[in-house]
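Colleague: pasting the sequence and the predicted model now:
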Amino acid sequence: MKITTICVPCLLERIRYQSELKDTKNGPDIIKACLEILAEGYDPDVCSAELATIVHKKSHDMLGFDPYYEMKEESNRVAVSLLPRARDFIRNSSDPLESAMVVSVTGNVMDFGISERWKTPSALSDNFDLLLSEGLGHNDLDRIKPYLKNGNKIIYFTDNCGEVVLDQLLLEHLKERGCRVVLVVKGEPILTDATIKDVEEFQLGKIVDRVLTTGVFAVGLDMNNIPADLLNEINSADLIISKGMANFEAFSEKILVATAFLLRTKCLPVASALGLPVEINAAKLVLPGWMPEES
């Protein structure tokens, strides 16, 4: 997805938020440095995830620590507390696979530093039942199911902490269908995204067939620096399941194989690129050759 003018203030607000999360004195110098990067690098033809990666790397390096560490820990604790409700929701459903997808997408709602509604992890608990009741506002499950055959390979790209705890219910259903599942987390801490630490803490490796990382510090996936083992898995995959908006921003630049985007459409540029309304739970399948719609 190409960057839009709407992306610029959103990105800067995120940088301000994370820079001042621990100490407000960090903000001015980091904002100034990131503004210089944006002024130099902004181009309507650049991928939003690529430029955001450069900006976040500058912020991260200047801070010298992970500003989201405690928030990620709390997100995981909140998600663990929701697992019994999520399992009941799936168990009582007429279509457990669809319900597992709804649970997984529901975990994607939080976006700290952008939305007032989701400024703390506890907001997910407060709104969980309402979000589940919304279901999928865009539902391509009938098109996705043929890819979930016994023996088919699924590459599952995770997004945020907390969310990854709820993902395990969908991962279990994929394995029950006989799929070979490769789970992918971020190679380095960035934003609130899940890493190997979360995989180990929640023993997700026992559910899936293989765990890999994106390899480098990147918003979504650095499409120019995909680790060889991950690229080999992608090239032989039957389906990619891509969680969240940042992964969409990166993957939509080049659809390598059939890809199911599971996300909450939390901003206008992403929603418009997908051809969907804002603020819905979505499961959208796209095939190689697909291009984002112009905003």
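Modeller: It's in.
Colleague: going by C-alpha atoms from here, please, whenever you check contacts or count neighbours.
Modeller: Will do.
Colleague: break this protein down into its structural domains.
Modeller: 7-63, 69-286 (automatic domain parsing).
Colleague: test my guess that residue 167 contacts residue 106.
Modeller: No. Contact criterion Cα atoms under 8 Å: residue 167 and residue 106 do not qualify, at 9.8 Å.
Colleague: report the contact partners of the residue nearest to residue 165 when sequence neighbours are not counted.
Modeller: Here the nearest residue to residue 165 in space, its sequence neighbours aside, is residue 79; by Cα to Cα, 6 or more residues apart in numbering that works out to 6.1 Å. For residue 79, the contacting residues are 107, 125, 162-163, 165-166, by Cα atoms under 8 Å, 6 or more residues apart in numbering.
Colleague: of all the residues you listed, which two lie farthest apart?
Modeller: 125 and 165 (13.4 Å; Cα to Cα).
Colleague: so these two - more neighbours on which side?
Modeller: residue 165 (25 against 16; other Cα atoms under 10 Å).
Colleague: neighbour count winner among residue 167 and residue 106?
Modeller: The neighbour comparison of residue 167 against residue 106 (other Cα under 10 Å) goes to residue 106, with 29 against 23.
Colleague: correct me, but residue 175 touches residue 182?
Modeller: No. Counting by Cα under 8 Å, residue 182 is not a contact partner of residue 175; they are 10.7 Å apart.
Colleague: now do the shared contacts for the two.
Modeller: residue 208.
Colleague: which one's more surrounded, those two?
Modeller: Remark: of residue 175 and residue 182, residue 182 carries more neighbours, 23 against 18, as counted by other Cα under 10 Å.
Colleague: the more buried one - that's part of a strand, no?
Modeller: Yes. Checked against DSSP: H, G, I helix; E, B strand; the rest coil, residue 182 lies within a strand.
Colleague: any low-confidence regions in the stretch 151-295 of the chain?
Modeller: Residue ranges of the stretch 151-295 of the chain with pLDDT under 70: 295.
Colleague: quick one: the strands in it?
Modeller: Assigned by DSSP state E, counting those that start in this stretch, the strands in the stretch 151-295 of the chain fall at 153-157, 180-185, 210-213, 239-243, 259-264, 281-286.
Colleague: the last one: how far from the chain's middle?
Modeller: Spelled out, that is strand 281-286. Here the centre of strand 281-286 is set off from its chain's centre by 13 Å, with Cα atoms, centre = their mean, to the nearest Å.
Colleague: please apply the same query to the fourth one.
Modeller: Relative to its parent chain, strand 239-243 has a centroid offset of 10 Å by Cα atoms, centre = their mean.
Colleague: the shortest one now?
Modeller: In terms of Cα atoms, centre = their mean, the centre of strand 210-213 is set 16 Å apart from its chain centre.
Colleague: that one - which strands sit beside it in the sheet, and in what orientation?
Modeller: strand 180-185 (parallel) (DSSP bridges).
Colleague: which residues are in contact with the partner strand?
Modeller: 151-159, 171, 174-175, 193-196, 208-214, 233.
Colleague: type out the ChimeraX command that picks the buried ones from the residues you listed.
Modeller: Selection of buried members from these for ChimeraX, criterion 16 or more other Cα atoms under 10 Å:
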select :152,153,154,155,156,157,158,159,171,174,175,193,194,195,196,208,211,212,213,214
